[in-house]
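J.: Predicted model follows, preceded by the sequence.
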2 protein chains.
Amino acid sequence: MVVTRSDVAREAGVSPAVVSYVLNNGPRPASVQARARVLEAVQKLGYRPNAIASALRAGSTQTIGFLTPNRANPFFGALSEAVEQRLNDEGYLMLAATTHGYQPDEERLLHTFVDRRVDGLIIAAGTSLVGSALRDLDAPVLVLDHAPESAGYSSVQTEDHLDAAAAVDHLQNHGHDLIGCVVGPPRIRSEPLCLAGWRTQQQRAGAFAGDELVAFADQSEAGGASAARLLLSDHGRPAILHGRRPTALFVGSDIQAVGVLWACHELGLRVPEDVAVVSLGGTRAAAYAIPTLSTVRQDVEYLAGAACAQLLRLVHEPGAPQTHLRIRGNLVVGQTCGCAAAG
Amino acid sequence: MVVTRSDVAREAGVSPAVVSYVLNNGPRPASVQARARVLEAVQKLGYRPNAIASALRAGSTQTIGFLTPNRANPFFGALSEAVEQRLNDEGYLMLAATTHGYQPDEERLLHTFVDRRVDGLIIAAGTSLVGSALRDLDAPVLVLDHAPESAGYSSVQTEDHLDAAAAVDHLQNHGHDLIGCVVGPPRIRSEPLCLAGWRTQQQRAGAFAGDELVAFADQSEAGGASAARLLLSDHGRPAILHGRRPTALFVGSDIQAVGVLWACHELGLRVPEDVAVVSLGGTRAAAYAIPTLSTVRQDVEYLAGAACAQLLRLVHEPGAPQTHLRIRGNLVVGQTCGCAAAG
DNA sequence: CTGTTAGCGCCTTCAC
DNA sequence: GTGAAGGCGCTAACAG
């Protein structure tokens, strides 16, 4: 049924080693006749080398493990697709796993990857545990997330703190001071940074930055929608706001912002006239929201490219130094911040 | 550095075979003392079995290959995530690859999977070539797509033809007869079925179903937007329509429909008053569009569950008969079809 | 230039 | 109840 290298050797009338020499172009030369006979036999029998056996022997699976919290979120979806593309181009396959930001799953999947001898690991937005669990993993690891420089792995990270501050700054420039903040669950490592960015920038401008303006929400449209309802509805508003409704919202991800827009629509609030919105992400979901989202764009293709390049370098030169790359987002003005109305 | 079974055996003072007996609970019994000593040594050395070596020996990798045209499309994104989840629950890992509906890539990735000895393959929405290439692949294959019953593999399929007709029927019930059709590129196998469903239903109602009402578009927001512009703009309308603009659009996927809504907004057309829209899919993108999309929902969780169950059955019992499951969508009424306005 | 051979790490049958 | 040994399919060092 399944044809092995010995079958090819027998068919071609040579030894198994010669088959390898021909197929791998080395490490030893083969005569022209032998080469031709081998190739013919390969063709005739439809031989394909067993990658598992090669992996065992060569100690390399040509596979990279990729861990995400969530691929339904378009940011991580696009990131995962971009990473996969890059890896394919370099001859690697991607072994995917989703953790849902759940720590035990994360650790389990990490070990599964290592057991399968992936040549390297990319970890996007892990929980805090990952940091310690990664230390002695004896496979190259690249963390696509905020990570301490001191850790035992390379990283490519977004500047969530600065990007969030930039978003809030833009809203402040439009005259807003009561700016709410919608971010994901704090167990995801980047979320506290978004929150801190909002807080820093509010304080810098002398604006209120208390917890009454913050809503934690799932990384989903539904999460964004309920956060918006919480912050914008007229009932049960905290006393400290003196009955005022936030006039703008900073939202930690595009997918949540889509939910925020939907909730505003439902509440009869106009965007950006009644509530201005700026999000963090810049995925295609932002470009096709109605109205188009103003967002601080974090370039997924670039992140993926840098991550794969760094990781594959570590894979190929085990002694290579660890690197830490930080990438800032850039503001993409849409219709939700109020620029269009002003201009 | 990396600890093998022999290391554990030496540490525990037993032979390598006993280590296997203990770790696999068989096939032979081990004494209580031996068992304890082995487990202790495993713990102490941090031994983890090499899954590649096991796979070579056992002939099973506990891995399933999953081929999609596109994971940026939320339908396929959700499908991929659901499949991954199911497989993980059954102890399998998912090896992912994206084909972009491009035939050579499809074939190449298919072979890469087989070379790596995946235990089975799930192929979502392949091009037409896949059918023939799959025939002699000697791994269980499940096609998550429309597929001929005669083919040499099992399938779980959506009823795109019927679902599209149901969507068009609903628009007709709202009094529309000039209903445009936006579908993906015909090289993706399901797209011609969407088109045929639209055409059948239009003809059944005695309505016009010529190519002038059809726009092929990429499976993306941008594709849907340009298709909508083509069908709805007032310039260059085909003579056969007598200057009339379609009053409704059937759209083959949610992601395209999001683009359609965006284009309508841009053109100053109100939805559903000026243009009613019904799409095929029912992803979360539809639920949080503004206005909320009316769509024929194809249950991704159910599709994924059925697909994994069927495939794993084939994996476990190689002789099991091939099955072909067809799953109809159900209409989810949102705001874009006009029901809300009418009610 | 080519054939033989020793493992890669594991599982499992066979002999003790 | 346990150990020795063969082999999964391949690569690469070592003989010829």
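T.: That came through, no problem.
J.: how many other residues sit next to the closest residue to DNA strand D within chain A?
T.: For chain A, the nearest residue to DNA strand D under the criterion C-beta to the nearest atom of the strand is residue A:5, separated by 2.9 Å. Quick note: C-beta positions are derived from backbone N, CA and C, even for glycine. When neighbours are counted by other C-beta atoms under 10 Å in any protein chain shown, residue A:5 registers 18.
J.: Distance of it relative to residue A:52?
T.: For residue A:5, the distance to residue A:52 (C-beta to C-beta, to the nearest Å) stands at 13 Å.
J.: before we move on, what about residue A:29?
T.: Remark: distance between residue A:29 and residue A:52 (C-beta to C-beta) = 28 Å.
J.: The two: which has the busier surroundings?
T.: More crowded of residue A:29 and residue A:52, by other C-beta under 10 Å: residue A:52, with 22 against 10.
J.: Name the helix or strand for that one, please.
T.: Using DSSP states H and E, residue A:52 maps to helix A:51-58.
J.: correct me, but residue A:322 touches residue A:153?
T.: Yes. In this structure residue A:322 lies within contact range of residue A:153 using C-beta atoms under 8 Å: 6.5 Å.
J.: And the two? Which one has more around it.
T.: A count of neighbours by other C-beta under 10 Å puts residue A:153 above the other of residue A:322 and residue A:153, at 22 against 15.
J.: Now the more buried one: closest residue in space, sequence neighbours ignored.
T.: In space, and not counting its chain neighbours, residue A:153 is closest to residue A:141: 4.0 Å by C-beta to C-beta, 6 or more residues apart in numbering or on different chains.
J.: in the sheet, who's paired with that neighbour?
T.: On the basis of DSSP bridges, residue A:141 is bridged to residue A:121.
J.: What are the neighbouring residues in contact with it?
T.: Going by C-beta atoms under 8 Å, 6 or more residues apart in numbering or on different chains, residue A:141 touches A:120-123, A:134, A:152-154.
J.: again, only using 10 Å
T.: By C-beta atoms under 10 Å, 6 or more residues apart in numbering or on different chains, residue A:141 lies in contact with A:65, A:67, A:110, A:114, A:120-123, A:130, A:134-135, A:147, A:151-155, A:311, A:314, A:322.
J.: what sits against the residue lying closest to residue A:137 once chain neighbours are set aside?
T.: Leaving aside its sequence neighbours, residue A:137 sits nearest to residue A:114 (C-beta to C-beta, 6+ apart; 6.0 Å). For residue A:114, the contact set (C-beta under 10 Å, 6+ apart) comprises A:65, A:121, A:137-139, A:141, B:2, B:48, B:51.
J.: and of those, the nearest to residue B:208?
T.: residue A:65 (53.2 Å; C-beta to C-beta).
J.: Next one, pLDDT for the residue nearest to residue A:153 please.
T.: At residue A:141, the predicted lDDT confidence score is 91.
J.: Residue A:12 is in contact with residue A:40, correct?
T.: Yes. Residue A:40 is within contact range of residue A:12, at 7.1 Å (criterion: C-beta atoms under 10 Å).
J.: what about the two, which has more around it?
T.: residue A:12 (23 against 13).
J.: List the residues that contact the more buried one.
T.: Counting by C-beta under 10 Å, 6+ apart, residue A:12 touches A:18-19, A:22, A:33-42, A:44-45.
J.: three-state assignment of residue A:280?
T.: Of the three states, residue A:280 takes strand according to DSSP: H, G, I helix; E, B strand; the rest coil.
J.: Buried among the contacts of residue A:141? Need that as a selection in ChimeraX.
T.: To isolate the buried ones among the contacts of residue A:141 in ChimeraX, judged by 16 or more other C-beta atoms under 10 Å in any protein chain shown, type:
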select /A:65,67,110,114,120,121,122,123,130,134,147,151,153,154,155,311,314
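J.: Quick one: the helices in chain A, in order.
T.: For chain A, helices defined by DSSP state H occupy the ranges A:5-12, A:16-24, A:32-45, A:51-58, A:74-89, A:103-115, A:129-133, A:160-173, A:191-204, A:221-232, A:254-267, A:284-287, A:300-316, A:339-342.
J.: okay, those, which one's buried deepest?
T.: Across these, the average number of neighbours (mean count of other C-beta atoms under 10 Å in any protein chain shown) peaks for helix A:254-267, which reaches a mean of 25.
J.: Now do that one, average pLDDT.
T.: So the average pLDDT for helix A:254-267 ends up being 97.
J.: Could you export that helix as CSV, CA atoms only?
T.: Taking C-alpha atoms only, helix A:254-267 is exported to CSV below (Å, rounded to 0.1, in the frame of the first residue of the first chain):
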residue,chain,number,x,y,z
ASP,A,254,-11.7,46.5,17.0
ILE,A,255,-14.1,43.7,17.7
GLN,A,256,-15.2,45.2,20.9
ALA,A,257,-15.6,48.6,19.1
VAL,A,258,-18.0,47.0,16.6
GLY,A,259,-20.1,46.0,19.6
VAL,A,260,-19.8,49.5,21.0
LEU,A,261,-21.1,51.0,17.8
TRP,A,262,-23.9,48.5,17.7
ALA,A,263,-24.9,49.4,21.3
CYS,A,264,-24.8,53.1,20.5
HIS,A,265,-27.0,52.6,17.6
GLU,A,266,-29.4,50.7,19.8
LEU,A,267,-29.4,53.4,22.5
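J.: quick one: it to helix A:74-89, angle?
T.: For helix A:254-267 against helix A:74-89, the angle by axes from the mean of the first three to the mean of the last three C-alpha atoms, to 10 degrees is 150 degrees.
J.: Within range of chain B, give me the residues from the stretch 101-250 of chain A.
T.: Within the stretch 101-250 of chain A, the positions near chain B by C-beta under 10 Å from any C-beta of the partner chain are A:105, A:108-109, A:111-117, A:136, A:138, A:220-222, A:224-225.
J.: Quickly list the domain ranges of chain A.
T.: A:5-49, A:60-159+A:300-329, A:160-298+A:331-342 (automatic domain parsing).
J.: of the ones you listed, which approaches residue B:79 most closely?
T.: Closest approach to residue B:79 among the domains of chain A (C-beta to C-beta): domain A:60-159+A:300-329, 10.8 Å.
J.: Any residue of the closest one touching DNA strand C?
T.: No. Using C-beta under 7 Å from any atom of the strand, domain A:60-159+A:300-329 stays clear of DNA strand C, coming no nearer than 8.9 Å.
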